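# okay, sequence plus prediction incoming.
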Amino acid sequence: MFQPAEAAIAVEVLDEALAGDDDYRFVGAYEGGADTLVGFACWGPTPATVGTWDLYWIAVDPAWQGKGVGSDLLHEVERRLAADCARLLVVETSSRAEYAPTRGFYERRGFRRAAVLPEYYAPGDDLVIYLKDLTHGVLATTAS
Ligand SMILES: CC(C)(COP(=O)(O)OP(=O)(O)OC[C@H]1O[C@@H](n2cnc3c(N)ncnc32)[C@H](O)[C@@H]1OP(=O)(O)O)[C@@H](O)C(=O)NCCC(=O)NCCS
């Protein structure tokens, strides 16, 4: 589903993360604990916000989709975000029909559709922004 330019950006960002850039975090899912990557997630703190983070990518090898790998990756991202006292998780996706299963994935995992920017990506292709409250209703405290 990803365009070549999007894949190139993912590799570039992974290189930056491996070089020590803390703005991008990655976690991978591996087949049977072996060295074959079957999925990954990439997230990072949203600049100039208090406790807001972006989930930049979550992707699972098509042969492995629908088997719980994406859910496991999201759980792991959220577990690490809890350790970072994250407040809000933002994810952007497309309104295109082929992304309907992806939107359902987010909606059934606590994300709410917060905004739609019409025609953002292309004519007929809106940007859909989802938010997930990571505080479970507990008020966050901030240093003053
Ligand atoms: C969205 C995605 C990460 C979910 O990962 P997954 O391993 O298929 O997810 P799981 O097996 O844990 O959960 C399956 C759920 O996702 C939905 N789903 C989304 N895409 C699916 C697919 N291609 N095949 C099967 N189920 C899919 C199912 O409806 C199911 O929903 P439910 O459990 O709430 O009923 C994965 O399907 C994917 O990589 N999609 C293409 C890339 C993408 O859209 N990434 C997000 C934008 S960056």
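All right, it came through fine.

# tell me the buried residues in the lowest-mean-pLDDT helix or strand in the chain?
Ranked by mean pLDDT, DSSP states H and E, the weakest helix or strand in the chain is helix 4-18, scoring a mean of 93. Within helix 4-18, the residues scored as buried using 16 or more other Cβ atoms under 10 Å are 10, 13-14, 17. Yep, even glycine has a C-beta here, placed from its N, CA and C like the rest.

# just the mean pLDDT for the helix or strand containing residue 27, thanks.
Element membership of residue 27 [criterion: DSSP states H and E] is strand 25-30. Looking at strand 25-30 alone, the average pLDDT works out to 96.

# same question, stretch 90-97
What stretch 90-97 shows for mean pLDDT is 96.

# give me the distance from it to the chain's centre.
Using Cα atoms, centre = their mean, to the nearest Å, the distance from the centre of stretch 90-97 to the centre of the chain it belongs to is 11 Å.

# one more: stretch 85-100?
Worked out by Cα atoms, centre = their mean, stretch 85-100 lies 7 Å from the chain centre.
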